[in-house]
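In: Sequence isn't available, so here's the structure alone:
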């Protein structure tokens, strides 16, 4: 067994000599100048975060261990943020756009305020959310029941409150239907009785032979029509009389002709007078000119 164990030790030693020394992640992301290297260190941090997040899900680790794990995860998250910012500076993709959000105990995404302004805010993961003093941060405060104001009370009052919609229950409709049927029956019987009287009156009127007797037997409706026509004619005549009432005597046709003739004479005399005045002024001017030449 001894020679075999010596051989195994020798083989493992040779393999470790062939391997390159393990590289250490730079302390500052700004020291990295290569985009591929920066992405490699980011992937390494992501794997470490994944292992610690899986470990922090165990509630039996104890309060102190859970708090330490949560601090380590937050430290790695800040470091990841620096490397992602460095990747953007080197011209790489922006991983910060699709960063994971923190959720509460029910799985709802909540906003994590960061007062420092550098990287993401402090977060809690796994069983750390259920620690004393931290559970209260994720529990929603109970909603306080607000006292209703007068406006809220009156806002819910509608027509049914004042009894305007009582007929929508169907009871009033049934009662009105029965009453409507009775009233309609009475009206139909009254109409039939009056129609029968009219028919008898027309029949008696046709049997009368003499014109005088026929004139005496008139229906009430025809008499009303005749009286109404007479009243309308009287009204039309009164309106015509009112329209043609003249308070000033109007001239006849002969007087109008005389007035037109007189007006024409006056126009002719006015024209002749103007011509005469023009001739007189022209003759006066000629005479003055002749007298001036002789002088």
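Out: Now that the structure is in, tell me what you want to look at. No experiment lies behind these values; they were computed from the predicted model shown. Residues are numbered from 1 along each chain as shown.

In: Am I right that residue 194 is in a helix?
Out: Yes: when DSSP: H, G, I helix; E, B strand; the rest coil is applied, residue 194 is found to be in a helix.

In: count of residues packed around it?
Out: Neighbour count of residue 194, defined by other Cβ atoms under 10 Å: 10. (Glycine included, C-beta is placed from N, CA and C.)

In: Output the below-cut-off pLDDT ranges for the stretch 51-200 of the chain.
Out: For the stretch 51-200 of the chain, the stretches flagged by pLDDT under 70 are 99-120, 138-140, 166-169.

In: could you pull out the helices for it?
Out: 63-89, 135-138, 150-155, 171-207 (DSSP state H, counting those that start in this stretch).

In: out of the ones you listed, nearest to residue 144?
Out: Evaluated with Cβ to Cβ, these place helix 150-155 nearest to residue 144, the distance being 15.3 Å.

In: and that closest one, what does it pack onto?
Out: Contacting helix 150-155 under the criterion 3 or more Cβ pairs under 8 Å, 6 or more residues apart in numbering; DSSP states H and E is no other helix or strand.

In: between the helices of the stretch 51-200 of the chain, which gets nearest to residue 128?
Out: Closest approach to residue 128 among the helices of the stretch 51-200 of the chain (Cβ to Cβ): helix 63-89, 4.2 Å.

In: Mind listing what's buried along that closest one?
Out: 66-67, 69-70, 73-74, 76-77, 79-87 (16 or more other Cβ atoms under 10 Å).

In: what's the answer for stretch 29-43, then?
Out: 29, 32, 38-39, 41-42.

In: just checking, which of those belong to helices?
Out: Residues of those located in helices (DSSP state H): 38-39, 41-42.

In: quick one: which of these is nearest to residue 5?
Out: Ranked by distance to residue 5 (Cβ to Cβ), those are led by residue 41 at 38.4 Å.

In: What score does the closest one have for pLDDT?
Out: We have a pLDDT of 88 for residue 41.

In: before we move on, the earlier item: which among the ones in helices among the buried residues of stretch 29-43 gets closest to residue 176?
Out: Closest to residue 176, out of all of those and judged by Cβ to Cβ, is residue 42, at 82.3 Å.

In: Surely that closest one and residue 84 touch.
Out: Yes: counting by Cβ atoms under 8 Å, residue 42 does reach residue 84; the two are 6.4 Å apart.

In: Quick check: neighbours shared by those two?
Out: Common contacts of residue 42 and residue 84 (Cβ atoms under 8 Å, 6 or more residues apart in numbering): residue 95.

In: Can you name the residues in contact with stretch 40-49?
Out: Under the criterion Cβ under 8 Å, 6+ apart, residues 25-26, 29, 32, 73, 76-77, 79-80, 83-84, 87, 95 lie in contact with stretch 40-49.

In: Select, from those, the two members most distant in space.
Out: Maximum distance among those (Cβ to Cβ): 22.5 Å, for 32 and 73.

In: quick revisit: as a markdown table, the helices of the stretch 51-200 of the chain with distance to residue 256 would be great.
Out: Shown next, in a markdown table, are the helices of the stretch 51-200 of the chain (distance: least, Cβ to Cβ, whole Å):
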| stretch | distance to residue 256 |
| --- | --- |
| helix 63-89 | 109 |
| helix 135-138 | 112 |
| helix 150-155 | 80 |
| helix 171-207 | 57 |
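
In: Which of those sits closest to residue 123?
Out: helix 63-89 (6.1 Å).

In: Look up how far residue 177 lies from residue 170.
Out: Here the criterion is Cβ to Cβ, to the nearest Å. By it, residue 170 lies 10 Å from residue 177.

In: let me redo that: residue 267
Out: Relative to residue 177, residue 267 is positioned 88 Å away (Cβ to Cβ).

In: Appreciated, that's everything.
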